[in-house]
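A.B. asks: attaching a predicted model along with its sequence, questions to come.
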Amino acid sequence: MILARVIAPVVASEKHGFFEGRKLLLVKELLPGGGLGPRTLVALDGVNSGVGDQVLVAKNGGAVDDVVGLKDCPANVVIVAHVDQVRFAAD
Amino acid sequence: MILARVIAPVVASEKHGFFEGRKLLLVKELLPGGGLGPRTLVALDGVNSGVGDQVLVAKNGGAVDDVVGLKDCPANVVIVAHVDQVRFAAD
Amino acid sequence: MILARVIAPVVASEKHGFFEGRKLLLVKELLPGGGLGPRTLVALDGVNSGVGDQVLVAKNGGAVDDVVGLKDCPANVVIVAHVDQVRFAAD
Amino acid sequence: MILARVIAPVVASEKHGFFEGRKLLLVKELLPGGGLGPRTLVALDGVNSGVGDQVLVAKNGGAVDDVVGLKDCPANVVIVAHVDQVRFAAD
Amino acid sequence: MILARVIAPVVASEKHGFFEGRKLLLVKELLPGGGLGPRTLVALDGVNSGVGDQVLVAKNGGAVDDVVGLKDCPANVVIVAHVDQVRFAAD
C-alpha cells in the first residue's frame, strides 16, 4: 500500500461493464515530506474520496474484490482509507 | 491501473493458443501533463481500442480472466476502458 | 520481501472496515549499507512493531491473509518479522 | 506483458524439481525504438524461443501455470509469443 | 524471475511463526555483465544456498507455496535454483 493524494477524476465512456457507475480517481504518490512523487495510478474509489484527499491505496486484485464485494474484478488498485495524519517522531 | 496511450499493434506469429485471434497493443504510460512516460507494456485489447486512444490499463491476471471470461489466462495486462477526460481542478 | 525501517504510524479516520483496530505503519526501504532508500510503503503491522524498528516486509495479498487469518484482505503489504541483524561477510 | 529480446540461455544445476528439463532464458526489455532497456528477467520458455528472438513476456504465476498446464508453478515469468512486428504508425 | 547473488544471511528474532527454522537471505540483482544492480530483496532459501551463490529468484506467493509445500505462505520471494552459467553468445 502507498500514501497518495487524489488529483483528478477520470472519465471513461466505453468501458468494461464492471466500471459502470464506479468512480475512478487519478492519484499521485505522496512523499513522506508532503510532496508528490512521480508515480501516478488510477484507483477505484473505495471510501468516497475527492480531489485533494490524502488516501491509502492498495494495489492488488484481492483488495478490489474485497472492497467491492465481488470476485475477480477487472481492477487492481483501490483506495481503502483516508489518511488524516502521518505522525513523524520529532527528529 | 494506469493511464496509457495505444501506440502500435503487436503482431505475433508463433504464440500460445490463448492469443489466437486476440488483439495485442503496445501502450505507453500517459503522464498527467499529457506526455508519454518511459513505461511501455503490451496489453490485451478489452474494449476495442486502436492506435492513439487514451486507455485505462489494468495489470493483473484476474483482470484479464474477468474481461476474457476464462480462468487462468496466460496474460496479465489488459485495456479495460477508454478514457475521455481527466478533469484537473484549475490550479 | 524487503528490509525496511518503520518511520511513522499512519492515522486513518474513514477507512474500509477491515482496517478498524489495525495498526498501519509507514516504512522506508533499508539499504544494505544501513541508509534508507527512496521507496516508501504503508504496511500492516504483523509482529507488533514500532517506530525505528528494522523489519521484514512482505508485499502480497496472500501474506496479509495468512498473518491476519482472514481470506481476501484489502491490504497487500505486511510486516512479518523484526530483523536483528544482517550478517555481511568481511569484505 | 512486455516486449523483450532473448539474450542468453541460463544453466542451473541444483534447482527445484519443477525446473528439471525446462528451458530458462535471460531476456532484456525491448524498447519501442528497437534498443534494449535496463530491465533483465529470467523467463521460462513457453514457445520454443532462442537467442535473438523478439518475444512477448508475461509476468504472473497464473500465466506460467496455464502455459505449463500445472497448478502453482514455482516460476512467475514466461515467454508466451514470438513477436514478428510492432507496426508503428508513420509519424 | 531474476538472477541474483546471495550477499548475507538475515537474522530475525521476533517473527511470524512460518519463518521459524527457515533461512532468509539478502540477495542483490545480478546484472548481465556480472555486476550487482541496486535492487535488493530478502528471499526464502529454497535450494540450500549460501553467501556468494548465483541464484534464480522467483517473486510471487505461489512460488513460495510450491517450494515450501504449504498454502498461503506469508512470504513472496524465494530462491528456486543455483545458476551455474549464463551462456552469452560471442558478440
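C.D. replies: Looks like it came in fine. Residues are numbered from 1 along each chain as shown, chains lettered A, B, ... in the order given.
A.B. asks: ok, which stretches of chain A are helices?
C.D. replies: A:61-68 (DSSP state H).
A.B. asks: in it, which strand has the most residues?
C.D. replies: Scanning chain A for the longest strand, with DSSP state E as the assignment, gives strand A:2-15.
A.B. asks: that strand and chain B in contact?
C.D. replies: Yes: using CB under 8 Å from any CB of the partner chain, strand A:2-15 comes into contact with chain B via A:Ile7, A:Ala8, A:Pro9, A:Val10, A:Val11, A:Ala12, A:Ser13, A:Glu14, A:Lys15. Every C-beta, even on glycine, is put in place using the N, C-alpha and C of the backbone.
A.B. asks: near chain D too, which of these?
C.D. replies: Applying CB under 8 Å from any CB to the residues of strand A:2-15 next to chain B, one finds that nothing falls near chain D.
A.B. asks: picking up where we left off before, report the buried residues of the longest strand of chain A.
C.D. replies: Within strand A:2-15, the residues that count as buried by 16 or more other CB atoms under 10 Å in any protein chain shown are A:Ile2, A:Leu3, A:Ala4, A:Arg5, A:Val6, A:Ile7, A:Ala8, A:Pro9, A:Val10, A:Ala12, A:Lys15.
A.B. asks: got the contact list for the second one?
C.D. replies: For A:Leu3, the contacting residues are A:Glu29, A:Leu30, A:Gln54, A:Val55, A:Leu56, A:Val57, A:Val83, A:Val86, C:Val10, C:Leu26, C:Thr40, C:Val42, taking CB atoms under 8 Å, 6 or more residues apart in numbering or on different chains as the criterion.
A.B. asks: from these, which land in strands?
C.D. replies: Going by DSSP E, the strands hold A:Glu29, A:Leu30, A:Gln54, A:Val55, A:Leu56, A:Val57, A:Val83, A:Val86, C:Val10, C:Leu26, C:Thr40, C:Val42 from the contacts of A:Leu3.
A.B. asks: which non-adjacent residue is nearest the second one?
C.D. replies: Pointing back at A:Leu30 there. Closest residue in space to A:Leu30, ignoring its immediate chain neighbours: A:Leu3 at 4.2 Å, by CB to CB, 6 or more residues apart in numbering or on different chains.
A.B. asks: how far away is the one you found from chain B?
C.D. replies: The gap separating A:Leu3 from chain B is 18 Å, by CB to the nearest CB, to the nearest Å.
A.B. asks: same thing with A:Leu25?
C.D. replies: To chain B, A:Leu25 is 10 Å away according to CB to the nearest CB.
A.B. asks: then A:Ala63?
C.D. replies: For A:Ala63, the distance to chain B equals 11 Å [CB to the nearest CB].
A.B. asks: tell me the strands beside the longest strand of chain A, with direction?
C.D. replies: Sheet partners assigned to strand A:2-15 using DSSP bridges are listed as strand A:24-30 (antiparallel), strand A:54-58 (antiparallel), strand B:78-86 (antiparallel).
A.B. asks: would you single out the least confident of these?
C.D. replies: The minimum mean pLDDT among the strands paired with strand A:2-15 belongs to strand B:78-86 (a mean of 91).
A.B. asks: quickly list what the residue positioned nearest the centre of chain A is bridged to.
C.D. replies: Nearest to the geometric centre of chain A sits A:Ile79, at 3.4 Å (CA atoms, centre = their mean). Taking DSSP bridges as the rule, A:Ile79 bridges to A:Val57.
A.B. asks: need the contact list for it.
C.D. replies: Contacts of A:Ile79 by CB under 8 Å, 6+ apart are A:4, A:6, A:25, A:27, A:43-47, A:49, A:55-57.
A.B. asks: could you do A:Val86 as well?
C.D. replies: A:Val86 makes contacts with A:Leu3, A:Pro32, C:Ala8, C:Pro9, C:Val10, C:Val11, C:Leu26, as judged by CB under 8 Å, 6+ apart.
A.B. asks: redo that, cut-off 6 Å
C.D. replies: C:Ala8, C:Val10, C:Leu26 (CB atoms under 6 Å, 6 or more residues apart in numbering or on different chains).
A.B. asks: go on, A:Leu25?
C.D. replies: Applying CB under 6 Å, 6+ apart, the residues near A:Leu25 are A:Val6, A:Pro9, A:Ala43, A:Asp45.
A.B. asks: ok now stretch A:68-83, how far from the chain's centre?
C.D. replies: Mean-position distance between stretch A:68-83 and its chain equals 8 Å (CA atoms, centre = their mean, to the nearest Å).
A.B. asks: quick one: buried residues of it?
C.D. replies: The neighbour-count check on stretch A:68-83 (16+ other CB under 10 Å) flags A:68, A:72-83 as buried.
A.B. asks: distance between the ends of that stretch?
C.D. replies: Start to finish, the residues bounding stretch A:68-83 are 20 Å apart (CA to CA, to the nearest Å).
A.B. asks: and the gap between the residue nearest to A:Val11 when sequence neighbours are not counted and A:Leu26?
C.D. replies: Of all residues not flanking A:Val11 in the chain, B:Gln85 sits nearest, at 4.4 Å (CB to CB, 6+ apart). Per CB to CB, to the nearest Å, B:Gln85 is found 11 Å from A:Leu26.
A.B. asks: pick the one among the contacts of A:Val86 closest to A:Val64.
C.D. replies: Nearest to A:Val64, judged by CB to CB, of these is C:Val10 at 20.6 Å.
A.B. asks: now do the same contact list for the closest one.
C.D. replies: By CB under 6 Å, 6+ apart, the contact set of C:Val10 is A:Val83, A:Val86, C:Leu24, C:Leu26, C:Val42.
A.B. asks: starting at the chain centroid, how far to stretch A:59-71?
C.D. replies: On the basis of CA atoms, centre = their mean, stretch A:59-71 sits 13 Å off its chain's mean C-alpha point.
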